[in-house]
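1. Okay, structure incoming, though there's no sequence with it:
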């Protein structure tokens, strides 16, 4: 099954999504200034293991931006309604990249019984620090002054490890085109949602599902050390650090990422046996 360019409507506003593959449901959630198409190169391999739902975040891709703005909790509720609309009633796997991880966390917190396991791809489970909040305020100021193109250029440059900047010229151009479709209003709305996110570390430490954490050892946006530290505060977390990657390790080292991701999925097909586990993360840390 491969259905692209689908829409679900909320109060006259469209939410764009696509479905592909067969099997248990995997929901892929993209990051800031991206769209669901960032996962396109992963779909052929993943679709042989999962049914995949990709969704464009409000104001990104082909999804409309609510005029009143939104929070990640708002999006989580819309995602839950979308699952009902496509008649999905069982558990699912959630994988979110960067901002998509914040969306995944909001959904998992609201509907923990729906989550089989959670993947945070270069995404923090913590709230924004004061330093991060200040940087985001400056970013909003630049956008309000018409400097969104500068934000996009810096974001794309920082996504990749230095050694990978010239490895993916076509992809780099495609990501620039995707980011250019995001309006200043949508970018600011997303930043404000990012700034308002809470910490989910305490929740994840008690959550009834395992957590897969992917980090890039050369990530300029979210330090691998930060994710490594968070993994030690989440009872059922597995940390995978990719040595030669920045903020998009699933692109920079696609084959290695898929190998680790699919192995994790196979190991957790019976996740009931992890409920109540006291297993610590010390022996679940891997740098590759």
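-> Arrived safely, thanks for sending. Keep in mind it's a predicted model, so treat the numbers as computed, not measured.
2. C-alpha only now, for contacts and for neighbours.
-> Will do.
3. what number of residues lie near the residue nearest to residue 160 when sequence neighbours are not counted?
-> With sequence-adjacent residues excluded and distances taken as Cα to Cα, 6 or more residues apart in numbering, residue 160 is closest to residue 246, at 4.6 Å. Using other Cα atoms under 10 Å, residue 246 is surrounded by 31 other residues.
4. what kind of secondary structure is residue 246 in?
-> Secondary structure assignment for residue 246 (DSSP: H, G, I helix; E, B strand; the rest coil): coil.
5. can you pull the contacts of it?
-> Contacts for residue 246 (Cα atoms under 8 Å, 6 or more residues apart in numbering) come out as 158, 159, 160, 161, 162, 216, 217, 218, 219, 220, 252.
6. what's the pLDDT at it?
-> Residue 246 carries a pLDDT score of 97 in this model.
7. do the one 5 residues further on as well
-> What the model reports as pLDDT for residue 251 is 96.
8. quick one: it from residue 245, how far?
-> To residue 245, residue 251 is 9 Å away according to Cα to Cα, to the nearest Å.
9. Among the two, which residue is more densely surrounded?
-> Taking other Cα under 10 Å, residue 251 and residue 245 do not tie; residue 245 has more neighbours (24 against 20).
10. Quick check: bridge partners of the closest residue to the more buried one other than its chain neighbours?
-> Spatial nearest neighbour of residue 245, excluding adjacent residues (Cα to Cα, 6+ apart): residue 216 at 4.7 Å. With DSSP bridges as the criterion, residue 216 is bridged to residue 242.
11. give me the number of residues near residue 216?
-> As a burial measure, residue 216 scores 31 neighbours (other Cα under 10 Å).
12. on that earlier part again, quick check: the farthest pair among the contacts of residue 246?
-> Greatest spacing in those, by Cα to Cα: 220 and 252 (14.2 Å).
13. Tell me which of the two has more neighbours.
-> Of the pair residue 220 and residue 252, residue 252 is the one with more neighbours under other Cα under 10 Å, namely 23 against 18.
14. Surely that one and residue 243 touch.
-> No: in terms of Cα atoms under 8 Å, residue 252 does not count as a neighbour of residue 243; the distance is 10.5 Å.
15. so for stretch 77-87, what's the average pLDDT?
-> 96.
16. Contacts for that stretch next, please.
-> With Cα under 8 Å, 6+ apart as the test, stretch 77-87 has contacts from 8, 10, 89, 107.
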